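Peer 1: sequence? don't have it. structure:
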């Protein structure tokens, strides 16, 4: 990840245009850009810059640009042939997000018109033959990583969901009593599991143990906590953001419960869910590799070897398990042809395509022939799910834009209200002050107005403390505020 852009630079790329380098997450784009700039001995934002949602640290003279795949996708709207780049690196392609799959299809379409464009697709765990065939039998280069051996220790237990926190505590204590060196990385499915496991570890009172949470929304300053040298032993509790996107230094041990949250859409119920599911073999191997970067490591899998052997090889691509309305809308806007003929690596189910068109027709974004309407052209400009964007456009007719900007941006992020297992009653009582008996939407609006008024009256630290006292995540409130501002501008 950090060496390929430098190799491209040495090979003469970055002269006719920039070297574009995509990452699936903001946290990775920032940290990789910072690392490459450090290795090239330049200031971040000069030769090497990054652009993520709400933050652009690039310069006109820059040669290497790190960005999320969503940023590159947005640039297609203004520059169909991506002429500002002479090289594009699509990193962590095994993630198979909607954005990555769309980019892979789009790059295949424009390559005949951009014979000068170099495209590099990288990943530790992908079906290389399938990807090579997609790009007309492109050459495959295998680079063996300089990793240390990792021992895999399986659990004999079956279901771990009943007492996951205790299982993690037991493994941490076992590692601490038998091994002198090396930090511990624990993979968990979300912020709630991270919080509850953190509490359980602190209660266990393991000597000289520092517990640190890691998830995608952390600020750059908070991310930097992972990199300085430290005394004692660290336990990093992470969502799967640390699986492909971020190398946490000093890790000697991984504890892998073998689960992750995966977004799934049902065209029958019209509901997008986030169930916790078993991870694929490829993801499990990625996780194990996190502890073999700087020294020999041990990966403790909290599931049986038989369970591992029965898992699928790769994670299902997002395009096979999501609502396609937003993708269809973007494709119609960009005039790049029918989604049914678009060269996706894996073609989506025709039922999902029909469902996407049906939703857009209900929203009046397309007509009965599937053509984009005037209202559909307006929807594309709003950085929200088409259903939420449609609410916003309707609000313009009824004089409720300010309220709907707040509500739709609030619905686009994870609920900022927190409800820890051990303090559910206290949390419910704190949240009751914003409750509207007739409407969940108005409850959300009440929450925003109350906390925004408070934020403007106190310092940043006081506001964070006030949020936590009222069982609200200050990080999610910041994300809400940023998104709301983006919609307004």
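Peer 2: Structure's in. What do you need? All values reported here derive from a predicted model rather than from experimental measurement.

Peer 1: how long is stretch 150-168 end to end?
Peer 2: 19 Å (C-alpha to C-alpha, to the nearest Å).

Peer 1: Sorry, wrong one. I was asking about stretch 341-357.
Peer 2: Start-to-end span of stretch 341-357 (C-alpha to C-alpha) is 15 Å.

Peer 1: For it, give me every contacting residue.
Peer 2: Contact partners of stretch 341-357, identified using C-beta atoms under 8 Å, 6 or more residues apart in numbering, comprise 96, 101-102, 104-105, 108-109, 130-131, 134, 265, 267, 270, 317, 319-320, 322-325, 327-328, 331, 336, 339-340, 366, 370. Glycine gets a C-beta too; all of them are placed from N, C-alpha and C.

Peer 1: Pull out the buried positions in that stretch.
Peer 2: 342, 344-345, 348, 352-353, 355-357 (16 or more other C-beta atoms under 10 Å).

Peer 1: and if you look at stretch 27-45?
Peer 2: 27-37, 40, 42, 44.

Peer 1: For residue 399, list the residues it contacts.
Peer 2: No residues are in contact with residue 399 under the rule C-beta under 8 Å, 6+ apart.

Peer 1: Which member of the buried residues of stretch 341-357 is positioned nearest residue 11?
Peer 2: residue 345 (26.5 Å; C-beta to C-beta).

Peer 1: Is it correct that that closest one falls within a strand?
Peer 2: No: per DSSP: H, G, I helix; E, B strand; the rest coil, residue 345 lies outside any strand segment and is coil.

Peer 1: hang on, the earlier thing: out of the buried residues of stretch 341-357, which are inside helices?
Peer 2: Using DSSP state H, 352-353, 355-357 are the members of those that sit in helices.

Peer 1: okay if I get the residues you listed as CSV plus distance to residue 376?
Peer 2: As requested, these are exported to CSV (distance: C-beta to C-beta, whole Å):
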residue, distance to residue 376
352, 19
353, 16
355, 17
356, 13
357, 11
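
Peer 1: Report the secondary structure element holding residue 253.
Peer 2: strand 251-256 (DSSP states H and E).

Peer 1: how distant is that strand from the center of its chain?
Peer 2: With C-alpha atoms, centre = their mean, to the nearest Å as the basis, strand 251-256 stands 21 Å off its chain's centre.

Peer 1: now swap in stretch 157-176 and tell me
Peer 2: For stretch 157-176, the gap between its own C-alpha mean and the chain's C-alpha mean amounts to 26 Å (C-alpha atoms, centre = their mean).

Peer 1: Can you mark which positions in that stretch are buried?
Peer 2: Applying 16+ other C-beta under 10 Å to stretch 157-176 flags 160, 164-165, 167-169, 171-172, 175-176 as buried.

Peer 1: Excluding residues flanking it in the chain, which one is nearest residue 91?
Peer 2: residue 122 (5.1 Å; C-beta to C-beta, 6 or more residues apart in numbering).

Peer 1: which ones are touching that neighbour?
Peer 2: 1, 4, 89-93.

Peer 1: rerun that using 7 Å as the cut-off
Peer 2: Residue 122 makes contact with 4, 89, 91, 93, according to C-beta atoms under 7 Å, 6 or more residues apart in numbering.

Peer 1: likewise residue 411?
Peer 2: Taking C-beta under 7 Å, 6+ apart as the test, what residue 411 contacts is residue 388.

Peer 1: What residues of the helix or strand hosting it count as buried?
Peer 2: Element membership of residue 411, judged by DSSP H and E, is helix 401-412. Along helix 401-412, these residues count as buried under the neighbour rule (16+ other C-beta under 10 Å): 401, 403-412.

Peer 1: any idea which helix or strand comes after that helix?
Peer 2: helix 424-431.

Peer 1: Give the rounded mean pLDDT of that next one.
Peer 2: Here helix 424-431 scores 95 as its mean pLDDT.

Peer 1: Pull out the buried residues from that helix.
Peer 2: Going by neighbour count (16+ other C-beta under 10 Å), the buried part of helix 424-431 is 427, 430-431.

Peer 1: How about stretch 95-109?
Peer 2: Neighbour-count burial for stretch 95-109 [16+ other C-beta under 10 Å]: 95-108.

Peer 1: Now name the helix or strand holding the closest residue to residue 442 other than its chain neighbours.
Peer 2: Closest residue to residue 442 apart from its sequence neighbours, by C-beta to C-beta, 6+ apart: residue 436 at 3.8 Å. Following DSSP H and E, there is no helix or strand that holds residue 436.

Peer 1: what's near enough to touch residue 436?
Peer 2: 442-443, 446.

Peer 1: one step back: in helices, which of the contacts of stretch 341-357 appear?
Peer 2: Short answer: the contacts of stretch 341-357 in helices (DSSP H) are 101-102, 104-105, 108-109, 130-131, 134, 325, 327-328, 331.

Peer 1: Which one of these is nearest to residue 418?
Peer 2: residue 325 (30.3 Å).

Peer 1: and that closest one, how many residues sit next to it?
Peer 2: 25 (other C-beta atoms under 10 Å).

Peer 1: what bits of this protein have low per-residue confidence?
Peer 2: Where the chain drops to pLDDT under 70, the residues are 145-146, 158-162, 216-229, 242-247.

Peer 1: quick revisit: export the contacts of residue 122 to TSV and append columns for distance to residue 185, secondary structure and neighbour count.
Peer 2: Formatted as TSV, the contacts of residue 122 follow (distance: C-beta to C-beta, whole Å; DSSP: H, G, I helix; E, B strand; the rest coil; neighbours: other C-beta atoms under 10 Å):
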residue	distance to residue 185	secondary structure	neighbour count
4	24	helix	17
89	26	strand	23
91	20	coil	25
93	23	helix	26
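
Peer 1: for those, which one is nearest residue 481?
Peer 2: Nearest to residue 481 among the contacts of residue 122, with distances taken as C-beta to C-beta, is residue 91, at 29.5 Å.

Peer 1: Isn't the closest one up against residue 20?
Peer 2: No: checked against C-beta atoms under 7 Å, the pair residue 91 and residue 20 is beyond contact range at 10.6 Å.

Peer 1: what kind of secondary structure is residue 260 in?
Peer 2: strand.
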